[in-house]
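Asker: fold the following, please.
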Amino acid sequence: MPQSSGLIFWNFMNGVHPTAIVGESAKIGKGCQIGPYSTIGGEVVLGENVRVESHAVIDGQTTIGDGSIVYPFVSIGLAPQDLKYVGEASSTEIGKRNKIREFVTIHRGTKGGGGVTKIGDDNLIMAQAHVAHDCIIGNGVILANAATLAGHVEIGDKASIGAHSGVHQFCRIGFEAFVGGYSVVVKDAMPYALIQGNHAKCYGLNRVGMKRRGYPKETIANLNHAFHLLLSAKLNTTQAVERIEAEIRDSKEVEMLVEFIKSSERGVVK
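Answerer: As a prediction, this is how the structure comes out:
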């Protein structure tokens with residue numbers, strides 16, 4: 001029988017491959033599969049039907065939710081690349097149905113950043129992406145190949161970070177924002193925005209994404225007007241926000257945009 005047949009056979013069986021190493025106190029949920037040469041630390045908790053492919057390393061106080069898939073050569077929950085980290089207890093929390101592709105690295109939190117790196121549900125983290133210590137990622141997020149998040153970055157739900165893009169520490173990426181490939185983001189990226197470049201600039205509303213997600217024409221028109229005031233009306237940010245609040249009413253999407261801008265500590269990408 002060809003050598004690959006053994007792997008195919010294991011793919012359809014529940015349990016731990018004989019070459020995997022699993023800590024005695026690790027908690028492995030029902031239906032989990034742990035592949036060849038993978039290492040699962042003693043403090044790790046895997047939910048039900050989690051699949052860990054070959055040669056992955058999951059360590060530290062790490063939890064991974066039901067139905068998630070960890071592909072080969074992934075590293076999750078190891079010590080952060082932060083010189084201030086001195087071995088204090090911290091954790092990594094990953095939600096349900098995430099797809100974490102080859103060579104991704106996700107580091108645990110630090111005392112100075114809240115002690116936890118947290119990832120929500122239904123995210124796609126493509127090959128070679130990096131999630132540094134104390135990052136907070138929402139739900140339905142896409143990190144394309146080699147996207148890099150520095151420490152303390154926050155990513156809103158349904159945002160998308162393009163391939164080989166870097167996000168500076170303490171930056172926020174807003175709800176459904178789209179960051180194009182090879183971008184360098186050093187300020188907060190507004191919700192619904194289209195961001196691109198080094199350093200990144202905002203090119204307005206992500207209209208294509210909003211149409212694909214079925215937003216009403218009125219909502220798109222309101223947001224488009226808000227972005228016009230922010231980017232093209234020769235107003236500073238404070239003046240633009242005042243005009244937006246005066247001219248656009250009863251739009252929860254615009255209200256989210258305004259609140260994001262007001263709460264920004266680094267300033268927003270314009």
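Asker: surely residue 183 and residue 163 touch.
Answerer: No: between residue 183 and residue 163 there is no contact under C-beta atoms under 8 Å: 9.7 Å. No exception for glycine: its C-beta is placed from N, CA and C like everyone else's.
Asker: between those two, which contacts overlap?
Answerer: Shared contacts of residue 183 and residue 163, defined by C-beta atoms under 8 Å, 6 or more residues apart in numbering, are absent.
Asker: please say which of these two ends up with more neighbours.
Answerer: More crowded of residue 183 and residue 163, by other C-beta atoms under 10 Å: residue 183, with 23 against 17.
Asker: okay, now the unreliable bits of the stretch 151-270 of the chain?
Answerer: Scanning the stretch 151-270 of the chain for pLDDT under 70 picks out no residues.
Asker: now do the helices in it.
Answerer: 207-212, 217-231, 237-247, 252-262 (DSSP state H, counting those that start in this stretch).
Asker: closest one to residue 29 among those helices?
Answerer: Residue 29 sits nearest to helix 207-212 of all these, at 34.5 Å, using C-beta to C-beta.
Asker: what separates that closest one from the chain centre, distance-wise?
Answerer: Relative to its chain's centre, helix 207-212 lies at 21 Å (C-alpha atoms, centre = their mean, to the nearest Å).
Asker: give me the residues contacting that helix.
Answerer: 160, 176, 178, 192, 219, 220, 223, 224.
Asker: mind listing what's buried in that helix?
Answerer: For helix 207-212, burial by neighbour count (16 or more other C-beta atoms under 10 Å) applies to 209, 210.
Asker: could you dump the helices of the stretch 151-270 of the chain into TSV with distance to residue 54 added?
Answerer: Putting those into TSV (distance: least, C-beta to C-beta, whole Å) gives the following:
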stretch	distance to residue 54
helix 207-212	35
helix 217-231	45
helix 237-247	49
helix 252-262	41
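Asker: start to end distance for stretch 80-91?
Answerer: End-to-end distance of stretch 80-91 (C-alpha to C-alpha, to the nearest Å): 11 Å.
Asker: show me how far that stretch is from its chain's centre.
Answerer: Relative to the mean C-alpha coordinate of its chain, stretch 80-91 is positioned 20 Å out (C-alpha atoms, centre = their mean).
Asker: as a whole number, average confidence for it?
Answerer: Taken as a whole, stretch 80-91 has a mean pLDDT of 96.
Asker: sorry, back to before: top of the contacts of helix 207-212 by neighbour count?
Answerer: residue 192 (31 neighbours).
Asker: hang on, isn't that residue packed against residue 223?
Answerer: Yes: at 5.6 Å, residue 192 counts as touching residue 223 under the criterion of C-beta under 8 Å.
Asker: which residues are contacting stretch 252-270?
Answerer: 170-172, 174-175, 185-193, 195, 200-202, 215, 219, 222-223, 226, 230-231, 237, 241, 244-245, 248.
Asker: now, which of the contacts of helix 207-212 sits nearest residue 147?
Answerer: Of all the contacts of helix 207-212, residue 147 sits closest to residue 160, with 9.3 Å by C-beta to C-beta.
Asker: distance of that closest one relative to residue 126?
Answerer: According to C-beta to C-beta, to the nearest Å, residue 160 stands 11 Å off from residue 126.
Asker: any common contacting residues for those two?
Answerer: Common neighbours of residue 160 and residue 126, counting by C-beta under 8 Å, 6+ apart, are 142, 144.
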